[in-house]
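**Student:** Need a 3D model of the sequence below.
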Amino acid sequence: MSGSSTAHPRVSVVLTTFNSEAYLSEQLASVLHQRRSVAEIVVGDDASTDGTRSILTRLLPYDASLTLRVVERAKQIGFRANIDATARLATGDVVCFADHDDVWRDDKVDRIVNALDGRSCAAVFSNGRVINAQGTVQRADLWRRAGLDHSDRRAMHEGEALRVLLEKRVVTGAALACTRDLLDVALPFPDSAVHDHWIALVASACGEVIALDELLIDYRIHDTNAMGLKSGNPRRELRRRRDAGDVPGREVEMLTALLDRVGESMPREDRVRVERAIEHHRLRTELPTQAAPRAVVSTRELLRGGYGRHHPSGLRSWGYDVLLGGPAGSKTTT
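**Tutor:** Okay, the predicted model is just below:
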């Protein structure tokens, strides 16, 4: 939208798939039956071996008003590379990201477009219902499960999204959309970052992040989630958090990439915040291996507020570092 009101913005949907036959039909139907039609659907299939490709062929319509781009990869490249390559193909003024296993409310696109109208370098993410594999609605909504509380939402509304995002990962890709100009800045996605958190960070640094408190998707949690919220399987949850980049070394790489990408356009106080976060996560990668010195260094950082500023639970992360930190513990998932 590039900062001006656009009467009829083109909306692209970026969808990645891998062995997605269980839930893909329901998601595609919800995208295709929006009150405000999308102009483009871009699909990157990461070498599925089930019925995913036949579903895509059967359900995606040949319609002159809809641009379809379906890339069927012969060899699997992984979620990160697939979402990056697929997002590069999107050409719309507004780009919505979709998971293969969720369901959109029929006015989602309309609400997203209205939220982004007239804005540049902007990202918006909505709330949503959480459902299980069978589609049963769970008690807690998406924001509550992600840890986004009232104070966080107030901070985002007041332009303090960066502060929130340096502490928590609260933006879910399935509920995320952004303007074309923001995506141009955010691409390519760093290897150290997951696209949703990265896009939100870039928006908070050089544009704006809008938290839209509407239940615009049904977010499905099941044992085969590639990314996202907890599945309930402890071993899978540890792997998910590791793959999501929730380790100090990855945080250092990602935040350094953020400064390299948009540091020059950031307000000085925001740049200082990012530099302070880098220092904190670097400290965690360099903790002493011996228990007593490690406890001293970690506790000093706790008292300085580093754990409180950069973790959803500073005491829990501090406790983990005291007990298990150091170079061997640099792959912590806290």
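
**Student:** And the helix or strand residue 295 falls within, what's buried?
**Tutor:** Using DSSP states H and E, residue 295 falls within helix 291-304. Neighbour-count burial for helix 291-304 flags 294, 295, 297, 298, 301, 302 (criterion: 16 or more other C-beta atoms under 10 Å). Glycine gets a C-beta too; all of them are placed from N, C-alpha and C.

**Student:** With stretch 150-168 instead?
**Tutor:** For stretch 150-168, the neighbour count (16+ other C-beta under 10 Å) marks 152-153, 155-156, 160-168 as buried.

**Student:** Those in helices, which ones?
**Tutor:** Assignment to helices by DSSP state H places the following of those there: 152, 153, 155, 156, 161, 162, 163, 164, 165.

**Student:** was I right about the last one contacting residue 155?
**Tutor:** If I follow you right, that is residue 165. No: taking C-beta atoms under 8 Å as the contact criterion, residue 165 and residue 155 are not neighbours in contact, 10.0 Å apart.

**Student:** which regions of the protein lie under the pLDDT threshold?
**Tutor:** Scanning the chain with the threshold set as pLDDT under 70 gives 1-7, 224-246, 326-334.

**Student:** quick one, what contacts residue 252?
**Tutor:** Applying C-beta atoms under 8 Å, 6 or more residues apart in numbering, one finds that residue 252 lies in contact with 278, 281, 282, 285.

**Student:** Name the single longest helix found in the chain.
**Tutor:** Criterion DSSP H: the longest helix present in the chain is helix 268-285.

**Student:** tell me what that one is packed against?
**Tutor:** helix 161-165, helix 195-206, helix 248-262, helix 291-304, helix 306-310 (3 or more C-beta pairs under 8 Å, 6 or more residues apart in numbering; DSSP states H and E).

**Student:** Please export the C-alpha coordinates of the third one as CSV.
**Tutor:** To tie it back to what came earlier, the one meant is helix 248-262. Listed next in CSV are the C-alpha coordinates belonging to helix 248-262 (Å, rounded to 0.1, in the frame of the first residue of the first chain):
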residue,chain,number,x,y,z
PRO,A,248,20.9,-17.6,22.6
GLY,A,249,23.2,-18.1,19.6
ARG,A,250,20.4,-17.8,17.1
GLU,A,251,19.1,-14.7,19.0
VAL,A,252,22.5,-13.0,18.6
GLU,A,253,22.5,-13.8,14.8
MET,A,254,19.0,-12.7,14.3
LEU,A,255,19.2,-9.4,16.1
THR,A,256,22.6,-8.6,14.5
ALA,A,257,20.9,-9.2,11.1
LEU,A,258,18.1,-6.8,12.2
LEU,A,259,20.7,-4.1,12.9
ASP,A,260,22.4,-4.8,9.6
ARG,A,261,19.1,-4.7,7.7
VAL,A,262,17.3,-1.6,9.2
